[in-house]
Structures are given as C-alpha cells and as structure tokens.
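# Sequence plus predicted model, see below.
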Amino acid sequence: MIGIVGAGAFGTALAVALGREGRAVTLWARDGAHVAEMARTRANAGRLPGVAFPDSITVTAGIADLKQAEAVLLSLPMQALRGFLQHNPGLNGQPLVACCKGVDLLTLKGPTALIAAACPNSVTAILTGPSFAADIARGLPTALTLASADGEALQHLLSTPTLRLYRTTDVIGAELGGALKNVIAIAAGVVMGAGLGDSARAALMTRGYAEMVRLAQALGARAETLAGLSGFGDLVLTCTSAQSRNFRFGQALGAGQGFDPTVTVEGAATAKAVHNMAKSMDIDMPITSMIAALIDNQITLPQAITALLTRPLKQE
C-alpha cells in the first residue's frame, strides 16, 4: 500500500495515477467532513473535478492508517510541512517522499531536511518536476525527478506507464530547482500582467535561470541537475502556462489585480526565504529580491521594472 498525505489537487492526482494501475493507495486528509464526502462521491470535486477515484483508493482522516504503507508521499504545502511532521511523529521509520516545492520560512531548509530532522529513521526523497495535477490525473504523459540518496526501490514503486520517474542523488539541486522556479514564475507572470510582452518574458526566464544555478551551486548542487526536469523543465512549464498558480499570482500583481487568498502560492514565501538566504551568502539574485520586495509592498511595480531595466550592462 502507498500512503499519500494531503488531498489537494496534486496528492489526489498521484493517488488516481497510482490507483489506476491497481495499486492500493490510502489518501489522508485532515478534514473528516472532506474525507466523508470523497468516500461518498468517490471523487475530490473541489480540487480535481471530473476525475473519478479508482476502486483501489481508500480515503481516511486517521494518520495511523498509513503505518503499513510501503512509502508515504507528503503532498502538503511547503509552509505546512514542518508543523505536520512535528505533530505526527508516528511516521518515523517509513520511507517519506516530499511532494512540495519551496524553502521553509522559519528554518530556511528544504523539505527533505525538515523530514530528516523530524523523522531520522526514515529514508527521505523528493518528487519534483514539470507537472500539473490535472495532466497526471488524466493519464497524460508526465516525467518527474525522484531525488534521494538511494531511490531505486521508490522509483519502481511510484512509476506508472504514463508517470515516468527519473532518479538522481542530487537532492539539493532537485529541491532548489523546484523551489526557485516558482519565484521566477511569479516574475514571469508580473511581466505578462504588466503587458511587457513575450520577449521580456524570455529574457526574464533566462536571467532567472542564471540566478537559480548561481544559488544552487553555492549550496552544493550540480549545475546539470538544474538543467534537467526539476529545474529547467519545471521553469519552462510554470513560466508559460496559466495553469501555474505562481504564474497567475504574478500576472495579477503585474496587472494590479487582487488574487484569491485561499490559493496556495508556494513561490511567495519562497521568494522571501531565498532573498534572506542569498543576502546572508552575498549572492546576487536581483529578480528574486525584486519579487520579495514587491510581494511585501516595499516597492511599486514601476519601481521594480525600472530597477531591473537599469541594471548595469555587462557580459552575459
């Protein structure tokens, strides 16, 4: 049995993709009423409309029901992961796979470091890369990165004919690729919302990718990891599609419009955390710093655009 913590769109999509292959999946949600509704309708209409649950999916509000899982996928918002782990120490000892992207605001740690600190007896991994929940749930071809010190068994356990997992041992690179691309996706949305055009977006993505590599290498990641699915691949997807919540959030910022506060935008908190991290390490990340300041209302949109356009001319 495979356990999945978090019945949001992505957690539900993973449950459906694995369950469709006949694998037993237990999907946990903290809200008992939500669990009862999913059990009754055999769907998660609020998060993944139009997708029916395969028979092999069981839904539960009891974390103890995951104790027998071969692996537990933690599909929670990044800023909720640390609190969940602190309140549920019973998962210690099982393989735990993070399915979130970001940097914890309080500790400035990535998801696998949080898992390792809370559950030192567990094998840790992160599943990340260019994917939208709706595509995974519909069985459309998707490729992701599974990063772990030794993830071969997990790779075979979690792969399906349409969900292909590529393995790497560069956990830091995979984590940072997934986290940092969300910040750049917000910036890409700002560019498009402000009406600056596709050429400006392409330039921003290119310079944003350079920022991603610069910080990742300084923290011990391999540049080639950032050039793969978990970095460049995810960057392209989230900077060019309105399915991306980070892109839509940035688009609203650029257009001077409000954004639904109930929608999780991982890049907003990550921008602040990474700005603080980069500042302490004396690493130049102008796009990330601009987004962090813009979100905190420390600068206006015209000031942010001017700051980027007046950067010193230099060799690429």
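Yes, it's here. Numbering: from 1, shown residues only.
# Contacts for the helix or strand where Q303 lies, please.
Assigned by DSSP states H and E, Q303 belongs to helix 301-309. The contact list for helix 301-309 (CB atoms under 8 Å, 6 or more residues apart in numbering) reads 190, 194, 196, 253-254, 256, 286-287, 290, 293-294, 299. From N, CA and C alone the C-beta is placed, and that goes for glycine too.
# Apply the buried test to those residues and list what passes.
Buried members of these, counted by 16 or more other CB atoms under 10 Å: 190, 194, 196, 253-254, 287, 290, 293-294, 299.
# Select, from the residues you listed, the two members most distant in space.
Of all pairs drawn from the buried ones among the contacts of helix 301-309, the greatest distance, 18.0 Å, lies between L196 and A293 (CB to CB).
# buried sites along the longest helix that the chain contains?
Ordering each helix of the chain by length in residues (DSSP state H) puts helix 171-193 first. Neighbour counts over helix 171-193 (16+ other CB under 10 Å) mark 171-193 as buried.
# quick check: angle from it to helix 301-309?
With axes from the mean of the first three to the mean of the last three CA atoms, to 10 degrees applied, the angle from helix 171-193 to helix 301-309 works out at 120 degrees.
# Mind checking what helix or strand follows helix 171-193 in sequence?
Using DSSP H and E, the first helix or strand after helix 171-193 is helix 198-218.
# Quick one: distance of that following helix to the chain centre.
18 Å (CA atoms, centre = their mean, to the nearest Å).
# what does the helix or strand just after that helix contact?
Next in sequence after helix 198-218, counting helices and strands by DSSP H and E, comes helix 223-226. The contact list for helix 223-226 (CB under 8 Å, 6+ apart) reads 168, 170, 173-174, 176-177, 209, 212-213, 216-217, 231-232.
# mind listing what's buried in helix 223-226?
Here helix 223-226 shows 225-226 as buried, counting by 16+ other CB under 10 Å.
# Could you pull up the mean pLDDT of stretch 157-172?
Mean per-residue pLDDT for stretch 157-172: 97.
# end-to-end on stretch 58-66?
11 Å (CA to CA, to the nearest Å).
# cool, stretch 80-94 as well?
Per CA to CA, stretch 80-94 runs 20 Å from first to last residue.
# if we can go back for a sec, quickly name whichever of the buried ones among the contacts of helix 301-309 is closest to D55.
L253 (43.3 Å).
# Tell me how far D296 lies from S241.
Look at D296 and S241: by CB to CB, to the nearest Å, they are 26 Å apart.
# picking that back up, mind putting the contacts of helix 223-226 in CSV, distance to G102 included?
Converted to CSV, the contacts of helix 223-226 look like this (distance: CB to CB, whole Å):
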residue, distance to G102
T168, 19
D170, 18
G173, 15
A174, 13
L176, 10
G177, 12
Y209, 18
M212, 14
V213, 18
A216, 14
Q217, 19
G231, 15
F232, 18
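# Between those, which sits nearest V59?
Using CB to CB, the contacts of helix 223-226 come closest to V59 at A174, 29.2 Å.
# now the closest one, nearest residue through space, not along the chain?
A147 (3.5 Å; CB to CB, 6 or more residues apart in numbering).
# same thing with A137?
A137's closest residue in space is A13 (CB to CB, 6+ apart), at 4.0 Å.
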